[in-house]
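Asker: Sequence and computational prediction follow.
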Amino acid sequence: MKRDQQHVPLYQKLTKFSETKPISFHVPGHKNGAVFPSYAKQSFAGLLSLDLTELTGLDDLHAPHGVIAEAEELAADFFGADHTFFLVGGSTAGNIAMILVACSAGEEIIVQRNSHKSIINGLELGGANPVFITPEYDQSVGRYTSPSIATLERALQQHSDAKAVVLTYPDYFGKTYNLKKMIELAHDYHIPVLVDEAHGVHFSLGAPFPLSALEMGADIVVQSAHKMAPAMTMSSYLHMNTERIAKERVAHYLQMLQSSSPSYPLMASLDIARSFLATITSVQIKAVKDSVNQVRGIFKSAKMWSLLPVAESDDFLKLTLHMKQGISGYEVACKFEQAGVYPELATHNQVLFIHGLQPFQQIEQLKKVVKSVDEQLKICESRATIDITNLFPQKVQMLELTYQLMNQLETKVLSFYKAVGNVAAEAIIPYPPGIPLILQGERITSEHILIIEQLIKQGVTIQHRDITNGIRVFNR
Ligand SMILES: Cc1ncc(COP(=O)(O)O)c(C=O)c1O
């Protein structure tokens, strides 16, 4: 029997509990919002009244059997999973957990090279032996997207004992690929497929959105509800649909990786986001699509960039501006921000805007800002185009050292050109999108250095530290 997807049991339980005006002699220390500095009390009041803890009747995320279990079951029902776990540590926690479950120290695991750093961190934490499959450079969108089917096939043939295949679907820009075929290929080798679908929580809405990874047979799928659905930041789902991996093992790692005091507002927002997606109507989706087209029309009116077309199989909520040669994506994003319009991310040649799941309201304001940014931009003849088409010469690539060995080696910082030929002791991660340009354990090439230098010139943020002094390498 289909469940009532309007129902938001966890949210309702919290609001009902709060209405009883309970007296708190327990944590958290804000005592349902009573103990809080007055200057911030008003903004936080509503949320603090729901910021409860594992009180009688409110269940426990790490051993759910009551209202959290009910909310997770409703999510599994809507997303088409055997089981859904609520995550309060973002997709980051889910990605790390799924890797730790699938693969023990020293075991091989096939991983898409342009994965988010949470995947790479999961590999390191587990001491896995990653087999990286490199993405193809897609001329039509001017960036690396997904590995080809042939590359995965080759990796599977060469590493048929691999414990899992880890893929990202869609990419940050909403681009999809034939994931179904890849899942089938891996399953032919009895290898489970773990999908980082951080940007695709809304794909379960069906057409006109792309197919979801669960629909295509993935074993584990992690989604950031907070990215594309109306959920609070850090709220994510981990779905399972598999007999290849035990649910208890996933639960075990999640209770290790996530707080023992998980946030109830975050969990309630997962309940609400699921109900929002499950009850949205086709008329509402059409209105969103019409709004996207209107916004696209505004961005298209500019001269200094082109708006990348979106294929039917891709996510139409993502709008990517591709800069004319000599214009930096970072500079354009900066100009939009100065005018009060905040895009999702910029790269050296693109700026990504994400449309929400309801019609956009500030049309006239956006028109003015687009016109003004377009007029302010000037082509800078001296700005070299960053050629990244040769970044990943090897289709299937292993690290130079195991994580176990890396843990034992001394490191040193070398200036960029001296670092060439050495093995990187740190990942270099332009942020966003948080995808490593150089992996820890990878040999540094002059190509890497050229790109880093150009990115720094254009103002990219490299996460963690000031990279201008050089790169940390292993002292061998
Ligand atoms: C592809 C991808 N996976 C995982 C993550 C991490 O997600 P979260 O912020 O929910 O931890 C991100 C974040 O940007 C991402 O882009």
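Answerer: Right, received. Where do you want to start? Numbering: from 1, shown residues only.

Asker: Contact partners for the residue of the stretch 51-200 of the chain at minimum distance from the ligand?
Answerer: The minimum distance from the stretch 51-200 of the chain to the ligand, using CB to the nearest ligand atom, falls at G90 (2.4 Å). In this view, the C-beta of every residue, glycine as well, is placed from N, C-alpha and C. With contact taken as CB atoms under 8 Å, 6 or more residues apart in numbering, G90 is in contact with S118, S224, H226, T233, M234, S235, S236.

Asker: Please enumerate the helices of the stretch 301-450 of the chain.
Answerer: With DSSP state H, counting those that start in this stretch as the criterion, the stretch 301-450 of the chain has helices at 329-338, 363-376, 403-408, 416-419, 446-458.

Asker: ditto for the stretch 101-250 of the chain
Answerer: Counting by DSSP H, counting those that start in this stretch, the helices of the stretch 101-250 of the chain are 117-126, 149-158, 179-188, 225-228, 247-257.

Asker: Contact residues of the stretch 201-350 of the chain facing the ligand?
Answerer: Proximity of the stretch 201-350 of the chain to the ligand (CB under 6 Å from any ligand atom) is limited to residues S224, S236.

Asker: Which one, of the helices of the stretch 101-250 of the chain, ends up nearest to E375?
Answerer: helix 225-228 (31.9 Å; CB to CB).

Asker: who touches that closest one?
Answerer: Contacts for helix 225-228 (CB under 8 Å, 6+ apart): 90, 198-202, 231-237, 269-270, 273-274, 317, 354, 357.

Asker: Let's see the ChimeraX selection covering just the buried ones among those residues.
Answerer: In ChimeraX, this line selects whichever of the contacts of helix 225-228 come out buried by 16 or more other CB atoms under 10 Å:
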select :90,198,199,200,201,202,231,232,234,235,236,237,269,270,273,274,317,354,357
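
Asker: Can you tell me which of the contacts of helix 225-228 end up in strands?
Answerer: S236, Y237, I354 (DSSP state E).

Asker: Going by distance to S301, which of those wins?
Answerer: Distances from S301 to the ones in strands among the contacts of helix 225-228, taken by CB to CB, are shortest for I354, at 19.7 Å.

Asker: how is the chain carved up into domains?
Answerer: 60-267, 282-376, 399-474 (automatic domain parsing).

Asker: most packed of these?
Answerer: Most buried of the domains of the chain by mean neighbour count (mean count of other CB atoms under 10 Å) is domain 60-267; its value is a mean of 21.

Asker: what's the average pLDDT for it?
Answerer: In this model, domain 60-267 carries a mean pLDDT of 97.

Asker: Any chance of JSON lines for the helices of the stretch 101-250 of the chain, columns distance to S313?
Answerer: Output for these, formatted as JSON lines (distance: least, CB to CB, whole Å):
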{"stretch": "helix 117-126", "distance to S313": "23"}
{"stretch": "helix 149-158", "distance to S313": "15"}
{"stretch": "helix 179-188", "distance to S313": "10"}
{"stretch": "helix 225-228", "distance to S313": "17"}
{"stretch": "helix 247-257", "distance to S313": "30"}
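
Asker: The nearest residue to L409 once chain neighbours are set aside and the ligand: what is the separation?
Answerer: The spatially closest residue to L409, leaving aside those adjacent along the chain, is F474, at 4.6 Å (CB to CB, 6 or more residues apart in numbering). Between F474 and the ligand the distance, using CB to the nearest ligand atom, to the nearest Å, works out to 27 Å.

Asker: which residues does F474 bridge with?
Answerer: T411 (DSSP bridges).

Asker: which residues does it contact?
Answerer: L401, M406, L409, E410, T411, N422, V423, A424, A425.

Asker: just curious, which of those residues is nearest to E124?
Answerer: Looking across the contacts of F474 and measuring by CB to CB, the closest to E124 is M406, at 8.1 Å.

Asker: if I read this right, the closest one contacts G441, doesn't it?
Answerer: Yes - counting by CB atoms under 8 Å, G441 is a contact partner of M406 at 5.7 Å.

Asker: residues in the stretch 51-200 of the chain within reach of the ligand, list them.
Answerer: Counting by CB under 6 Å from any ligand atom, the stretch 51-200 of the chain sits next to the ligand at G90, S91, T92, N95, H116, S118, T168, Y172, D196, A198.

Asker: Could you rerun that using 8 Å?
Answerer: Counting by CB under 8 Å from any ligand atom, the residues of the stretch 51-200 of the chain close to the ligand are 87, 89-95, 115-116, 118-119, 168, 171-172, 196, 198-199.

Asker: which residue is nearest the centroid of the protein?
Answerer: Nearest residue to the geometric centre of the chain (CA atoms, centre = their mean): A198, 3.9 Å.

Asker: ok, that residue to N95 distance?
Answerer: Distance of A198 to N95, given as CB to CB, to the nearest Å: 8 Å.

Asker: Now do the shared contacts for these two.
Answerer: H116, V222.

Asker: of all the contacts of F474, which two lie farthest apart?
Answerer: Pairwise over those, using CB to CB, the maximum falls at E410 and A424, 14.2 Å.

Asker: Run through the bridge partners of the residue of the stretch 201-350 of the chain found nearest the ligand.
Answerer: As assessed by CB to the nearest ligand atom, the ligand sits closest to S224 within the stretch 201-350 of the chain, at 3.6 Å. S224 forms beta bridges with S236, as assigned by DSSP bridges.

Asker: Just to check, it is in contact with H202?
Answerer: No - here S224 lies out of contact with H202, judged by CB under 8 Å, at a distance of 11.0 Å.

Asker: can you list residues touching both of these two?
Answerer: Counting by CB under 8 Å, 6+ apart, nothing touches both S224 and H202.

Asker: residues contacting the closest residue in space to S115 that isn't next to it in sequence?
Answerer: In space, S115 comes closest to T168 once its chain neighbours are excluded; the distance is 5.5 Å by CB to CB, 6+ apart. When the contact criterion is CB under 8 Å, 6+ apart, the partners of T168 are Q112, N114, S115, H116, I119, S146, V195, D196, E197, A198.

Asker: Out of the residues you listed, which is nearest to F36?
Answerer: A198 (32.5 Å).

Asker: How about the contacts made by that closest one?
Answerer: S91, H116, T168, V222, Q223, S224, K227, S236.

Asker: Ok, K181 next?
Answerer: I149.

Asker: I'd like to know which of the contacts of A198 is nearest to K367.
Answerer: The closest of those to K367 turns out to be K227 (CB to CB; 26.6 Å).

Asker: just the strands in the stretch 51-200 of the chain please.
Answerer: 83-87, 108-112, 129-133, 137-138, 143-144, 165-168, 193-196 (DSSP state E, counting those that start in this stretch).

Asker: how far out from the middle of the chain is the longest helix anywhere in the chain?
Answerer: Longest helix in the chain, counting residues (DSSP state H): helix 282-300. Its chain's average C-alpha position is 24 Å from that of helix 282-300, according to CA atoms, centre = their mean, to the nearest Å.
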